[in-house]
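S.K.: Pasting the sequence and the predicted coordinates here, then a few questions.
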Protein chains: 2
Amino acid sequence: MGDVSEKVRLTLKEVRALAHAVLSQQGLAPDHVAAVAETMVAGERDGCASHGIYRLLVCHHTIKAGRVSVDAVPQVTDVAPAMVRVDGGGGYAQLAFALGRPILSEKARRCGIAALAINHCVHFAALWPEVEALAADGLIAFAFTASHAWVAPAGGNEPLFGTNPIAFAWPRLGSYPFVFDLATSAVARGEIELHRREGRALPEGWAVDVNGHPTTDAAEALAGAMLTFGGHKGSALAMMVELIAGPLIGDLTSAESLAHDGGAKASPFGGELVIAIDPVRFMGSSPQEHLQRAERLFEDVVGQGARLPSQRRYEARERSLKEGVEVPAALLADIRALLD
Amino acid sequence: MGDVSEKVRLTLKEVRALAHAVLSQQGLAPDHVAAVAETMVAGERDGCASHGIYRLLVCHHTIKAGRVSVDAVPQVTDVAPAMVRVDGGGGYAQLAFALGRPILSEKARRCGIAALAINHCVHFAALWPEVEALAADGLIAFAFTASHAWVAPAGGNEPLFGTNPIAFAWPRLGSYPFVFDLATSAVARGEIELHRREGRALPEGWAVDVNGHPTTDAAEALAGAMLTFGGHKGSALAMMVELIAGPLIGDLTSAESLAHDGGAKASPFGGELVIAIDPVRFMGSSPQEHLQRAERLFEDVVGQGARLPSQRRYEARERSLKEGVEVPAALLADIRALLD
């Protein structure tokens, strides 16, 4: 056995090629492969290891469990002047988003604001690549998705909400967009699993045990319920995400997604709501002035020593584009084993 | 002097009449009086004392300081198929919202989703009466507004954000809507002022002093900066509100609102963004089924002993509609003194 901390340097081109090879080998159709691989390249490139090539193992598990349609053909429906629906037909959400994105952008530009519902998809990735793509189209974007019921409402002790992220993007002048993508749970579920594997105690406020008592034991937390961030306020936001990414778009709640999973431990299944606003419309005759005023806000955050949400990610991106990325040798071996 | 805890019972009709009398006496135009009074009646009715008739004193101060246009005539502009702007012309936001509401509703129904920008208004009230009104129209609604720069970003120590609330409403079947209205600051500024008046220490995590050090001293907190709820996640959401209720709609940031105030200690001045979605559009052919699935979510929250965000407010409403409200005698005397 080699050193567990051993790392291997890959170019982003090599990361992409690896993702393509593994996903194709699993039987995923070429258009899905291209869309899914790109989100993994983005995760690895931006230093989000848990959303990088590690996800090839997650996809392998979900595909093997028969929980994703590998050749689903997403169906687009023009719902209303400012609304479009893409039914993913049980496939990964990436291709559905890729098909919906230009229609959403066009509708937002025509109507000022527009919404995209992505339905019946498997979700394994973060939302920031999607809102960032819309910011690249010059739009302000919001995205919401439910997941599996792991999180209790404030004052409760039974898992009901997913990690229910809220993502937001704002196009900036001469800079990467302002982007955040925050779970409404206190932490990502993967963080708790990591603590369990490493035998570390959880910080207070992350979870309760099966009896609803606060716990710092990771195994008890996984058997019990995670908590939302920010107490009853985070809980209210988690409920909002549950409603607007579930019933509003006619798709599953986190509890229904977990029931649908039936113990397969596959990625969450359900919907996603994306909202895009064309800033030029409300900004009227002087969009440059107002975008410049937004820049002053960003400067006022950074100027007092605080960080902007995606700053670390963009720093990693700058490095990765020049130097490639480093991935654990053991992870790479596990992934390459899938190709045998 | 009477007992400071002495209370006087008023019917809601009496509350309304008092608000009308005081606001009219201050010179506010009749259509503004009607709109502003109604939000105070709603606050008092729902047990939100700080947004009830107490606000007559706040309005009196702002009007006397010349910081509100008492006879502003809001101007409506049809910006785009799914966007409407109401320029309040320096008046209170209530009348601007009242004028924009039917247009926003009609656009949301036609386009599926729509946005209303309220500009150049004085804001003294909570946002929940507005999203609740849109829920009464059968719509899902979001509202956002900046305020005065009192809150530091996570990791910083200088006031930059307002208390920047996020409000949300979801129409329910046979019940008051699901509504929340949460400040992205750790608490309302009034809470800190209350602690100062009563000489009580603040809980940790509410504020920092002028040097950016955590403080539990209310006076030091008011001189320093409030903090957001939920650490860097709450801070990211506060920034989002600052952007979408400020530059996006061509209106003031919280820092600009405070600068505009110039020490007058008047209510915040600026914009508000309201987004409405017609649930029937995305829910397609079976809205009743999906609204019913949302009801199950609410039941699953309440069934495990947790509370829904507006539950306490609706309980107060039920009582007030039957029994009227109790207001402090001293407050009533202060308000009636304005009529002399």
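M.R.: It's in.
S.K.: going forward, measure contacts between C-alpha atoms and count neighbours the same way
M.R.: Will do.
S.K.: Show me the shaky parts of chain A.
M.R.: A:1-4 (pLDDT under 70).
S.K.: Contact partners for the residue of it found nearest chain B?
M.R.: Closest residue of chain A to chain B, C-alpha to the nearest C-alpha: residue A:230 (4.1 Å). Contacts for residue A:230 (C-alpha atoms under 8 Å, 6 or more residues apart in numbering or on different chains) come out as A:186, B:229, B:230, B:231, B:234.
S.K.: how much space between it and residue B:281?
M.R.: 32 Å (C-alpha to C-alpha, to the nearest Å).
S.K.: With residue A:41 instead?
M.R.: 35 Å.
S.K.: ok, and the residue lying closest to residue A:213 once chain neighbours are set aside, which helix or strand is that part of?
M.R.: By the measure of C-alpha to C-alpha, 6 or more residues apart in numbering or on different chains, the closest residue to residue A:213 outside its immediate chain neighbours is residue A:157, 7.9 Å from it. Residue A:157 is located outside every helix and strand, with elements delineated by DSSP states H and E.
S.K.: Count the neighbours of residue A:157 for me.
M.R.: 25 (other C-alpha atoms under 10 Å in any protein chain shown).
S.K.: and what of residue A:13?
M.R.: Neighbours of residue A:13 using other C-alpha under 10 Å come to 11.
S.K.: name the element it belongs to?
M.R.: Short version: residue A:13 belongs to helix A:12-25, going by DSSP H and E.
S.K.: what about the residue nearest to residue A:223 when sequence neighbours are not counted, distance to residue A:159?
M.R.: Among residues not flanking residue A:223 along the chain, residue A:210 sits closest, at 6.3 Å (C-alpha to C-alpha, 6+ apart). According to C-alpha to C-alpha, residue A:210 and residue A:159 sit 10 Å apart.
S.K.: Comparing these two, which residue is more hemmed in?
M.R.: residue A:159 (24 against 17).
S.K.: what about that one, is that helix, strand or coil?
M.R.: Assigned state for residue A:159: coil (three-state reduction, DSSP: H, G, I helix; E, B strand; the rest coil).
S.K.: Now do the same contact list for it.
M.R.: With C-alpha under 8 Å, 6+ apart, residue A:159 has these contacts: A:149, A:150, A:151, A:152, A:153, A:224, A:225, A:226.
S.K.: repeat that with 10 Å
M.R.: A:148-153, A:208, A:210, A:223-227, A:254-255, B:300-301, B:304 (C-alpha atoms under 10 Å, 6 or more residues apart in numbering or on different chains).
S.K.: hmm, back to that, is it true that the residue nearest to residue A:223 lies in a strand?
M.R.: No: assignment of residue A:210 by three-state DSSP gives coil, placing it outside any strand.
S.K.: Quick check: phi and psi on it?
M.R.: phi -60, psi -20 (degrees, to the nearest 10).
S.K.: Okay, helices next: where are they in chain A?
M.R.: For chain A, the helices defined by DSSP state H occupy A:12-25, A:30-45, A:55-64, A:93-111, A:128-136, A:189-198, A:218-223, A:231-244, A:254-261, A:279-283, A:287-302, A:311-323, A:329-337.
S.K.: The last one to helix A:12-25, inter-axis angle?
M.R.: Looking back up the chat, that one is helix A:329-337. If you take axes from the mean of the first three to the mean of the last three C-alpha atoms, to 10 degrees, helix A:329-337 sits at 40 degrees to helix A:12-25.
S.K.: Also the third one?
M.R.: In this structure, helix A:55-64 runs at an angle of 10 degrees to helix A:12-25, with the same axes, to 10 degrees as the basis.
S.K.: Of all the residues in helix A:55-64, which ones are buried?
M.R.: A:55, A:56, A:57, A:58, A:59, A:60, A:61, A:62, A:63 (16 or more other C-alpha atoms under 10 Å in any protein chain shown).
S.K.: Quick check: residue A:291 touching residue A:171?
M.R.: Yes: contact status for residue A:291 versus residue A:171: in contact at 8.6 Å, counting by C-alpha atoms under 10 Å.
S.K.: any residues in contact with both of these two?
M.R.: residue A:279.
S.K.: contacting residues around the most centrally placed residue in chain A?
M.R.: For chain A, the residue nearest the mean C-alpha position is residue A:126 (1.5 Å; C-alpha atoms, centre = their mean). By C-alpha under 10 Å, 6+ apart, the contact list for residue A:126 reads A:39, A:40, A:43, A:48, A:50, A:51, A:145, A:165, A:167, A:181, A:182, A:183.
S.K.: so can I have CSV of those residues showing distance to chain B?
M.R.: CSV is the format used below for the contacts of residue A:126 (distance: C-alpha to the nearest C-alpha, whole Å):
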residue, distance to chain B
A:39, 23
A:40, 24
A:43, 20
A:48, 17
A:50, 19
A:51, 19
A:145, 15
A:165, 11
A:167, 10
A:181, 9
A:182, 7
A:183, 9
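S.K.: Of these, which count as buried by neighbour count?
M.R.: Judged by 16+ other C-alpha under 10 Å, buried ones among those: A:39, A:40, A:43, A:48, A:51, A:145, A:165, A:167, A:181, A:182, A:183.
S.K.: mind giving me the domain split of chain A?
M.R.: A:7-64+A:314-337, A:75-185+A:228-283 (automatic domain parsing).
S.K.: Highest mean neighbour count out of these?
M.R.: Stretch with highest mean neighbour count among the domains of chain A: domain A:75-185+A:228-283 (a mean of 24; mean count of other C-alpha atoms under 10 Å in any protein chain shown).
S.K.: Check the gap between residue A:89 and residue A:35 for me.
M.R.: Taken as C-alpha to C-alpha, the span from residue A:89 to residue A:35 is 16 Å.
S.K.: wait, I meant residue A:272
M.R.: In terms of C-alpha to C-alpha, residue A:272 sits 16 Å off from residue A:35.
S.K.: How about residue A:184?
M.R.: Distance from residue A:184 to residue A:35, by C-alpha to C-alpha: 26 Å.
S.K.: Tell me the spacing between residue A:118 and residue B:133.
M.R.: Applying C-alpha to C-alpha to residue A:118 and residue B:133 gives a distance of 28 Å.
S.K.: right, and residue A:26 touches residue A:65 too?
M.R.: No: using C-alpha under 10 Å, residue A:26 makes no contact with residue A:65, being 11.6 Å away.
S.K.: Quick check: neighbours shared by those two?
M.R.: residue A:59.
S.K.: quick one on the thing from earlier: just checking, what packs against the helix holding residue A:13?
M.R.: strand A:7-10, helix A:30-45, helix A:55-64, helix A:311-323, strand A:325-328, helix A:329-337 (3 or more C-alpha pairs under 10 Å, 6 or more residues apart in numbering or on different chains; DSSP states H and E).
S.K.: any chance of those in JSON lines, plus distance to residue A:110?
M.R.: Shown next, in JSON lines, are the helices and strands packed on helix A:12-25 (distance: least, C-alpha to C-alpha, whole Å):
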{"stretch": "strand A:7-10", "distance to residue A:110": "42"}
{"stretch": "helix A:30-45", "distance to residue A:110": "27"}
{"stretch": "helix A:55-64", "distance to residue A:110": "37"}
{"stretch": "helix A:311-323", "distance to residue A:110": "31"}
{"stretch": "strand A:325-328", "distance to residue A:110": "40"}
{"stretch": "helix A:329-337", "distance to residue A:110": "45"}
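S.K.: before we move on, the earlier item: tabulate the contacts of residue A:230 (JSON lines), appending distance to residue A:97.
M.R.: Listed next are the contacts of residue A:230 as JSON lines, based on distance: C-alpha to C-alpha, whole Å:
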{"residue": "A:186", "distance to residue A:97": "27"}
{"residue": "B:229", "distance to residue A:97": "32"}
{"residue": "B:230", "distance to residue A:97": "30"}
{"residue": "B:231", "distance to residue A:97": "31"}
{"residue": "B:234", "distance to residue A:97": "27"}
